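1. Structural data only, the sequence is not supplied:
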Ligand SMILES: Nc1ncnc2c1ncn2[C@@H]1O[C@H](COP(=O)(O)OP(=O)(O)OP(=O)(O)O)[C@@H](O)[C@H]1O
């Protein structure tokens with residue numbers, strides 16, 4: 001049985017004649033955590049929106065596993081200041097959810113106390129947790145998180161990344177996230193995809209940290225941050241970061257070795 005959830009091949013996209021994505025090849029597998037990194041404007045959010053089917057490629061193909069359930073946590077949420085919307089009313093907008101499920105999801109992300117608060121009045125960190133709860137209410141096979149810890153203080157960031165790892169273990173879902181926090185996020189990721197319009201490099205955090213393309217983009221300090229963390233696995237990866245089910249190494253689209 002295939003473990004593939006998402007695949008993009010030879011993805012290319014322009015906005016008003018400006019090339020934003022080119023030659024994008026990437027496959028996401030069940031249960032893995034992949035982090036997209038890259039400078040501002042390098043196409044990370046655009047790639048996420050393409051993978052979610054919210055934007056169409058100019059050329060290339062996107063494939064999603066049939067009936068794939070995706071929980072998406074966007075980078076921004078635009079709610080008008082004057083709109084009377086409590087957290088629980090906001091979460092009730094997810095089709096078919098009950099109050100009990102909403103309470104359970106908020107408990108899971110540590111934000112039950114804001115259940116009845118106005119959405120516009122909760123703190124940045126609380127809002128991130130509420131958005132994560134909303135993504136979980138979809139019972140996702142894939143969580144897509146666009147800068148999940150923005151506006152969250154450092155302790156809160158550590159907690160959120162750790163929570164994301166726990167959610168993967170508990171639900172067996174894959175996680176695709178965009179992040180600028182190389183220092184923190186690398187503890188929580190299996191594979192890094194470094195994007196700058198095209199895929200500059202990809203692989204395990206340790207491998208990417210030594211890649212000249214990564215060092216050129218982010219500098220040596222970022223490379224050290226990335227290399228610092230070694231997380232524990234109960235499984236092995238191949239050179240692309242894919243989980244190995246046997247001793248065989250299978251060449252993939254990101255392969256740049258013999
Ligand atoms: N709908 C759009 N119309 C025109 N240009 C767009 C549109 N969406 C994104 N862009 C441009 O595409 C480029 C990539 O944007 P994108 O938001 O994907 O970058 P990003 O890597 O997510 O950046 P950041 O790290 O700052 O969030 C940018 O130059 C942006 O201005």
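-> All right, it came through fine. If you're wondering where the values come from, they're calculated on a predicted model, not measured in any experiment. Numbering: from 1, shown residues only.

2. what's residue 23 in contact with, if anything?
-> Contacts for residue 23 (C-beta atoms under 8 Å, 6 or more residues apart in numbering) come out as 10-12, 198-199. Where you see a C-beta, it was placed from the backbone N, CA and C, and this is true even at glycine.

3. Just the residues you listed: which are in helices?
-> With DSSP state H as the criterion, helices contain none of the contacts of residue 23.

4. Between which two of those is the distance greatest?
-> Using C-beta to C-beta, the two most remote members of these are 12 and 199, lying 12.4 Å apart.

5. hmm, back to that, which of the contacts of residue 23 are buried?
-> 11-12, 198-199 (16 or more other C-beta atoms under 10 Å).

6. Redo those as JSON lines? Include distance to residue 172.
-> Putting the buried ones among the contacts of residue 23 into JSON lines (distance: C-beta to C-beta, whole Å) gives the following:
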{"residue": "11", "distance to residue 172": "27"}
{"residue": "12", "distance to residue 172": "33"}
{"residue": "198", "distance to residue 172": "31"}
{"residue": "199", "distance to residue 172": "26"}
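
7. I'd guessed residue 125 sits against residue 154; true?
-> No - look at residue 125 against residue 154 with C-beta atoms under 8 Å: they stay out of range, at 10.8 Å.

8. When those two are compared, which one has more neighbours?
-> residue 125 (20 against 11; other C-beta atoms under 10 Å).

9. Backbone dihedrals for the more buried one, please?
-> In terms of degrees, to the nearest 10, the main-chain angles of residue 125 are phi -70, psi -40.

10. That one and the ligand: what is the separation?
-> Remark: distance between residue 125 and the ligand (C-beta to the nearest ligand atom, to the nearest Å) = 19 Å.

11. and that residue, what is it in contact with?
-> Contacts of residue 125 by C-beta under 8 Å, 6+ apart are 151-153, 156, 160.

12. before we move on, what about residue 17?
-> Applying C-beta under 8 Å, 6+ apart, no residues contact residue 17.

13. Can you give me the pLDDT of it?
-> pLDDT for residue 17: 91.

14. in this structure, which spans are strands?
-> 4-15, 18-29, 33-37, 59-64, 70-73, 142-146, 174-178, 191-196, 198-203 (DSSP state E).

15. Give me every residue in the stretch 1-150 of the chain lying close to the ligand.
-> 15-16, 20, 38, 40-46 (C-beta under 6 Å from any ligand atom).

16. Please repeat the previous calculation with a cut-off of 5 Å.
-> Within reach of the ligand by C-beta under 5 Å from any ligand atom, the stretch 1-150 of the chain has these residues: 15, 20, 40-46.

17. With respect to per-residue confidence, which of these is lowest?
-> residue 40 (88).

18. residues in contact with the closest residue to residue 75 other than its chain neighbours?
-> Spatial nearest neighbour of residue 75, excluding adjacent residues (C-beta to C-beta, 6 or more residues apart in numbering): residue 146 at 4.1 Å. Going by C-beta under 8 Å, 6+ apart, residue 146 touches 44-45, 48, 72-75, 177-178.

19. Next one, pLDDT for the closest residue to residue 152 other than its chain neighbours please.
-> Nearest in space to residue 152, with sequence neighbours left out and distances taken as C-beta to C-beta, 6+ apart, is residue 125 at 4.3 Å. On pLDDT, residue 125 comes in at 84.

20. again, but for residue 204
-> 83.

21. Could you tell me how many residues sit around residue 178?
-> 23.

22. Pretty sure it sits against residue 42.
-> No - taking contacts as C-beta under 8 Å, residue 178 lies outside contact range of residue 42: 10.1 Å.

23. That's all I had, so thanks and see you.
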